[in-house]
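Peer 1: give me coordinates for this.
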Amino acid sequence: MNIKQFKDERDELLIILMEECGELIQECSKCIRKGDYDRKEFKDELGDVMAMINLAHEWDMFSWVECEERIECKRNKLKKWSRLINE
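Peer 2: Modelled structure (predicted):
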């Protein structure tokens, strides 16, 4: 896709974020298949996604307060429906 096809920079940011999320999904699958949860590639892809999330914040696409509220909501759901949080 040519950069001129984007409506604005936020479109480009979202497309790259989507691509990075896809790469992270693939790497998660590889961790499970290989039974290796300490893969460098996983950490690299996780960092790439986090970098794009930080850029989305810098571009005022969300606030950290909004994000923290959602994090708390998700953690509460996980307490109820998963074994990940044992508080």
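Peer 1: which residues does the residue nearest to the spatial centre of the chain contact?
Peer 2: By Cα atoms, centre = their mean, the chain has its centre lying nearest to residue 49, at 4.6 Å. Applying Cβ atoms under 8 Å, 6 or more residues apart in numbering, we find residue 49 in contact with 17, 20, 21, 24. The way it works is simple: take the backbone N, C-alpha and C, and place the C-beta from them, glycine included.
Peer 1: have a look at the protein and report its longest helix.
Peer 2: helix 9-34 (DSSP state H).
Peer 1: what angle separates the helix or strand that comes right after that helix from helix 9-34?
Peer 2: Going down the chain from helix 9-34, the next helix or strand is helix 40-58, by DSSP states H and E. Helix 40-58 and helix 9-34 are oriented at 160 degrees to each other (axes from the mean of the first three to the mean of the last three Cα atoms, to 10 degrees).
Peer 1: what average pLDDT does helix 40-58 get?
Peer 2: In this model, helix 40-58 has a mean pLDDT of 98.
Peer 1: likewise for stretch 63-82?
Peer 2: Averaging pLDDT along stretch 63-82 gives 96.
Peer 1: next, the buried residues of it.
Peer 2: For stretch 63-82, the neighbour count (16 or more other Cβ atoms under 10 Å) marks no residue as buried.
Peer 1: which one of the contacts of residue 49 sits closest to residue 85?
Peer 2: If you rank these by distance to residue 85 using Cβ to Cβ, residue 24 comes first, at 21.2 Å.
Peer 1: can you report how many residues lie near the closest one?
Peer 2: 19 (other Cβ atoms under 10 Å).
Peer 1: once you drop chain neighbours, what's closest to it?
Peer 2: If the residues on either side of it in the chain are set aside, residue 24 comes closest to residue 45, at 4.3 Å by Cβ to Cβ, 6 or more residues apart in numbering.
Peer 1: nice, that's everything, thank you.
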